[in-house]
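Student: The following comprises the amino acid sequence and a computationally predicted model.
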Amino acid sequence: MKKLLISPSKMALGEQESQIYQNILKQASEISLNLMAVKIENHPEDFLGWCYELLNASKDRINYDLLEANQLPILKKLHDQLISAISFLQLKTLRVAPWPVVSMFVEQHKELIALDEQLRLTNYLANLREQPLKEMIPEDLLAFSGKHMASLDPSTYNFDVEWFASTKSAKGFHQMLADLPGLFDDALSCIPLEGEVSEEHYQQFVVSYLLAFNGSDEKPTLAPATRLLAMRRPDVFTPINNTRLDALCAALGITKLNNRDFERYWQDIVQTIHAMSWFKMAAGNNELEQQLLSIKALLPCFFYYADKSTADNSNYIKLLNKPKRSTTTSTKSVRRGKESAEILVDRALSSDEIPEHIRAKRDSIISEVQKGRGVNETISLMRAIFG
């Protein structure tokens, strides 16, 4: 372990990496005796590999029973620093990486980042882009704006809607969006669905977005706006959130944005990413690359740290694995509006696999879905009853 801890001092680290190393070393020194008990066999020669190895050793191989209670927050801070460092180092490669390297990285990490699930989300939202927010059912509005709720039936929403910058903490934004979706439609209409998006288009969006909050006690913030922009044009806008902003800004070599930096977002995030060689040379040479090409501004999101628990922590997976309700438990159902229930049921019944006698039970199925039962669960129950 001692050899591992000092090895970055022999690496040719840049100024940012050196500062990161010193901060990590400071935390590691507080629990050095515990770390020394971990056997190290892998000694990476690069800083990214070093961060991964120290994270693995301090997270999965350290003896937690020997840690004092006051050392646990120190260990947690060490893990957070290493995770942020890994995200920074992986994102930094985007400055110089060509398109084939970027697409290969995504393919090689597809299991860790739950790529199939994330692409299901982008494919679903691609079919919603032309629909005004005010005409969306509440569940689709949640999917578009990035907030998970229990009302999202996993048989219909087979993805976590909070991939690509969750907005669950932006309570004021979601209240405004639910109450006055038409105002946000006015803002998004400034961004063309196809073709070039100019700075003028973006500035018009910002003006309309800020006007949506006029007369409200809520303050318009940047992160939720970038989620809306990214879902409307995932080939142009990269979404941001506060938890990952440090790593992104450091990797791009810019001063960290604050939550009102609408002007700097266009100049420092959007324009900087658009100027990168991989972004300019992106091409659909195979099926995966064709999918990535249509969402190329979202690709930096795949370069944040991910491990074997990332996919399992998806809200979709958690809902999917949630214990079924039984007559012996009193689980509170999540009721749905009739319009939502009708649309969700009609989507499911449109499948060629659904027999006519089950389609004839549409009203009964809608009634059960309104009460909170899952769409597929209800249809399966009907098929079991009626054959």
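Tutor: The structure has been received and is ready for your questions. Residues are numbered from 1 along each chain as shown.

Student: Secondary structure element for residue 344, which one?
Tutor: Mapping residue 344 onto the secondary structure by DSSP states H and E places it in helix 338-349.

Student: in stretch 280-297, what counts as buried?
Tutor: 282, 288, 289, 292, 293, 295, 296, 297 (16 or more other CB atoms under 10 Å). (Glycine included, C-beta is placed from N, CA and C.)

Student: From residue 372, how far out is the fourth one?
Tutor: Think residue 292. Plainly put, residue 292 is 37 Å away from residue 372 if you go by CB to CB, to the nearest Å.

Student: cool, and the last one?
Tutor: Separation of residue 297 from residue 372 (CB to CB): 37 Å.

Student: repeat for residue 288
Tutor: 37 Å.

Student: any weak-confidence spans in the stretch 251-387 of the chain?
Tutor: Counting by pLDDT under 70, the stretch 251-387 of the chain shows low-confidence ranges at 324-334, 387.

Student: can you map out the helices along it?
Tutor: Applying DSSP state H, counting those that start in this stretch to the stretch 251-387 of the chain gives helices spanning 262-264, 271-274, 277-281, 287-293, 315-320, 338-349, 356-359, 362-370, 375-386.

Student: tally of neighbours for residue 126?
Tutor: Residue 126: 13 surrounding residues under other CB atoms under 10 Å.

Student: swap in residue 350?
Tutor: 9.

Student: swap in the one 10 residues further on?
Tutor: Residues near residue 360, counting by other CB under 10 Å, number 12.

Student: which helix is the longest one in the chain?
Tutor: Scanning the chain for the longest helix, with DSSP state H as the assignment, gives helix 72-92.

Student: So what touches that helix?
Tutor: Applying CB atoms under 8 Å, 6 or more residues apart in numbering, the external contacts of helix 72-92 come out as 16-17, 20, 23-24, 27-28, 30-31, 47-48, 51-52, 54-55, 58-59, 62, 67, 105, 244, 246-248, 250-252, 300, 303-305.

Student: Quick check on these: which are buried?
Tutor: Here, 16+ other CB under 10 Å leaves 17, 20, 24, 27-28, 30-31, 47-48, 51-52, 54-55, 58-59, 62, 105, 244, 247-248, 250-252, 300, 303-305 buried among the contacts of helix 72-92.

Student: What's the separation between the closest residue to residue 96 other than its chain neighbours and residue 94?
Tutor: Computed as CB to CB, 6 or more residues apart in numbering, the closest residue to residue 96 that is not its neighbour in sequence is residue 277, at 7.4 Å. Distance of residue 277 to residue 94, given as CB to CB: 9 Å.

Student: if you count what's nearby, which of these two comes out ahead?
Tutor: A side-by-side neighbour count of residue 277 and residue 94, using other CB under 10 Å, places residue 94 first with 22 against 14.

Student: tally of neighbours for the closest residue to that one other than its chain neighbours?
Tutor: In this structure, residue 94 finds its nearest non-sequential neighbour in residue 276, 5.9 Å apart by CB to CB, 6+ apart. Residues lying near residue 276 (other CB under 10 Å) number 19.

Student: Repeat that for residue 323.
Tutor: Per other CB under 10 Å, the neighbour tally for residue 323 reads 7.

Student: Assign a three-state SS to the residue most central in space within the chain, would you?
Tutor: Nearest to the geometric centre of the chain sits residue 163, at 2.3 Å (CA atoms, centre = their mean). Assigned with DSSP: H, G, I helix; E, B strand; the rest coil, residue 163 falls in the coil class.

Student: and it, what is it in contact with?
Tutor: 114, 117, 118, 121, 301, 314.

Student: And residue 201, how far from residue 349?
Tutor: As for residue 201, its distance to residue 349 is 39 Å (criterion: CB to CB).

Student: Then residue 178?
Tutor: 28 Å.

Student: right, and the helix or strand after the longest helix of the chain?
Tutor: As assigned by DSSP H and E, the chain's next helix or strand after helix 72-92 is helix 99-108.

Student: buried residues in that following helix?
Tutor: For helix 99-108, a neighbour-count test (16+ other CB under 10 Å) marks 99, 102, 103, 105, 106 as buried.

Student: Repeat that for stretch 142-158.
Tutor: By 16+ other CB under 10 Å, the buried positions in stretch 142-158 come out as 142-148, 152-158.

Student: tell me the average confidence for it?
Tutor: For stretch 142-158, mean pLDDT is 92.
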